[in-house]
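Undergrad: Make a model of this:
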Amino acid sequence: MALDMNIDELLVIGDFDLLISQVQGEWATKNEKILSYVNLAQRLCKKFRKIEFRHTPRAQKEFADALATIASIIQHLESSRIDPLRISLKEEHAHFCHVEAEPDGKSWYNDIKMYLEKREYLEGITNRQKKTIRRMANGFFLNKEILY
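TA: Reported below is the predicted structural model:
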């Protein structure tokens, strides 16, 4: 696909260090079943002006999976150029980020937490709002005072 789009520089992120090393020619390929694939990959690599392989350990492959998902859903209609994707990694987990309080002074998750704690709703809400709270509560669980 990258060749069809006339891409001349490519970053390949993979979680299988052995295969990356085999494609780069650093290690020999002994498995006959994958030898033809490695040879094909090596021939394709020569068609790029620059190609870089980056190993991502399986434990950290969420990033590679996310990139693959993004790549599979973006449509590039008649475009020979794709703008680079700018990604910034946070130094701390999202739960450390500041969340503004709602105008009533309560957190955005207050209704969900109350429902999970007591199976109760705020007074005066509609049946539709109750249904929404129940649906949203399915994505959370409460451990003592902490909502996950």
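Undergrad: In the longest helix seen in the chain, which residues are buried?
TA: Here the longest helix in the chain is taken by residue count, with DSSP state H as the criterion, and it is helix 32-45. Using 16 or more other CB atoms under 10 Å as the burial criterion, the residues of helix 32-45 that qualify are Val38, Ala41. The C-beta positions use only the backbone N, C-alpha and C, and glycine is treated the same way.
Undergrad: Tell me which helix or strand comes right after that helix.
TA: Stepping forward along the backbone from helix 32-45, the first helix or strand reached (DSSP states H and E) is strand 50-55.
Undergrad: mean confidence for that following strand?
TA: Model confidence over strand 50-55 averages 90 on the pLDDT scale.
Undergrad: any residues touching it, and which ones?
TA: 8-15, 17, 20, 23-24, 45 (CB atoms under 8 Å, 6 or more residues apart in numbering).
Undergrad: and that strand, C-alpha only, in CSV?
TA: The C-alpha coordinates for strand 50-55 follow below in CSV (Å, rounded to 0.1, in the frame of the first residue of the first chain):
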residue,chain,number,x,y,z
LYS,A,50,14.5,5.2,3.6
ILE,A,51,13.0,2.5,5.8
GLU,A,52,13.4,2.1,9.5
PHE,A,53,12.3,-0.8,11.7
ARG,A,54,11.4,-0.2,15.3
HIS,A,55,10.8,-3.0,17.8
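Undergrad: So in the chain, where's the weakest helix or strand by average pLDDT?
TA: In the chain, the helix or strand scored least confidently by mean pLDDT, DSSP states H and E is helix 62-73, which has a mean of 73.
Undergrad: returning to that earlier point: just the ones of the contacts of strand 50-55 in helices?
TA: Under the assignment DSSP H, those contribute Asp17, Ile20, Val23, Cys45 to helices.
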